[in-house]
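*Asks:* I need the structure of the sequence given here:
(2 chains)
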Amino acid sequence: MAMAANEIETLIREALPDAEVTITDLAGDGDHYAARIVSAAFAGKTRVQQHKLVYEALGGRMGGALHALQLTTAVPN
Amino acid sequence: MSDTHSRISDIVNSNDVVLFMKGTPLFPQCGFSSRAIAILDHLGVAYESVDVLQDPEVRQGIKSYSDWPTIPQLYVKGEFVGGSDIMMEMFEAGELQQLISEANVSRAS
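*Replies:* Numbers count the residues shown, from 1 in each chain, chains lettered A, B, ... in the order given. Take a look at the predicted model:
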């Protein structure tokens, strides 16, 4: 099952309220997304830890309901 | 440690660079795996690949092994490095080149 972009964004914001979330539907099919997430919560964390925070926010959907999410994380400037 | 985890542990500890992927380097079965292979080939590093589609136990086990929900997964010297997005970010920042050179792994022949 695919997920809607706003559903992804809502889940991320619930876990990371300060996050700036930009989601792009790569293929226009509601199943292949790119997300860029900027949050102060990523400060001092490795890339793996940053991505894990996002995966946790998505509550186990990653690799299941959400197959293709290309993820970029960053700390605010 | 489960049998699958100890098998995975053997693989990542007996090869300097290992990519767990869907498909093979010549015929990747997923865009993310394809991107990971392209990065490794560009780095010119020798690597071992494991096709998880041929092994359902490893396909599931690798996710709990690293606590990471997706495939591909890159390991260097036994350590989990990341998936294809992290590989790309690290490559663009020059960090993957640095990691490979510090790990002193062999070049692709």
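*Asks:* Next up, the contacts around residue 51.
*Replies:* Just so you know, I chose chain A. A:71, A:73, B:82, B:83, B:85, B:86 (CB atoms under 8 Å, 6 or more residues apart in numbering or on different chains). From N, CA and C alone the C-beta is placed, and that goes for glycine too.
*Asks:* ah, I was thinking of chain B
*Replies:* Neighbouring residues of residue B:51 by CB under 8 Å, 6+ apart: B:21, B:22, B:23, B:24.
*Asks:* Now do it, the pLDDT please.
*Replies:* Listed pLDDT for residue B:51 reads 98.
*Asks:* quick one: secondary structure of the residue nearest to residue B:90 when sequence neighbours are not counted?
*Replies:* Among residues not flanking residue B:90 along the chain, residue B:96 sits closest, at 4.1 Å (CB to CB, 6 or more residues apart in numbering or on different chains). For residue B:96, the assignment made with DSSP: H, G, I helix; E, B strand; the rest coil gives helix.
*Asks:* Residue B:96 and residue B:102 touch, don't they?
*Replies:* No - contact between residue B:96 and residue B:102 fails when scored by CB atoms under 8 Å: they sit 10.8 Å apart.
*Asks:* For chain B, tell me whether stretch A:18-29 is touching it.
*Replies:* No - against chain B, stretch A:18-29 shows no contacts by CB under 8 Å from any CB of the partner chain, the least distance being 9.5 Å.
*Asks:* where does the chain dip in pLDDT?
*Replies:* I went with chain A, as the question did not name one. Chain A contains residues with pLDDT under 70 at A:1-2.
*Asks:* Actually, chain B is the one I wanted.
*Replies:* B:1.
*Asks:* got the residues of it near chain A?
*Replies:* B:31-32, B:63, B:67-71, B:80-83, B:85-86, B:89-90.
*Asks:* Now the buried members of those.
*Replies:* B:32, B:63, B:68-71, B:80-83, B:85-86, B:89-90 (16 or more other CB atoms under 10 Å in any protein chain shown).
*Asks:* Looking at residue B:96 and residue B:102, which has the bigger crowd around it?
*Replies:* A direct count of neighbours by other CB atoms under 10 Å in any protein chain shown for residue B:96 and residue B:102 places residue B:96 higher, at 24 against 10.
*Asks:* Now do the more buried one against chain A, distance only.
*Replies:* Per CB to the nearest CB, to the nearest Å, residue B:96 is found 11 Å from chain A.
*Asks:* Of the residues of chain B next to chain A, which pair is most distant in space?
*Replies:* Farthest apart among those by CB to CB are B:31 and B:67. That separation is 23.3 Å.
*Asks:* Good, we can wrap up now.
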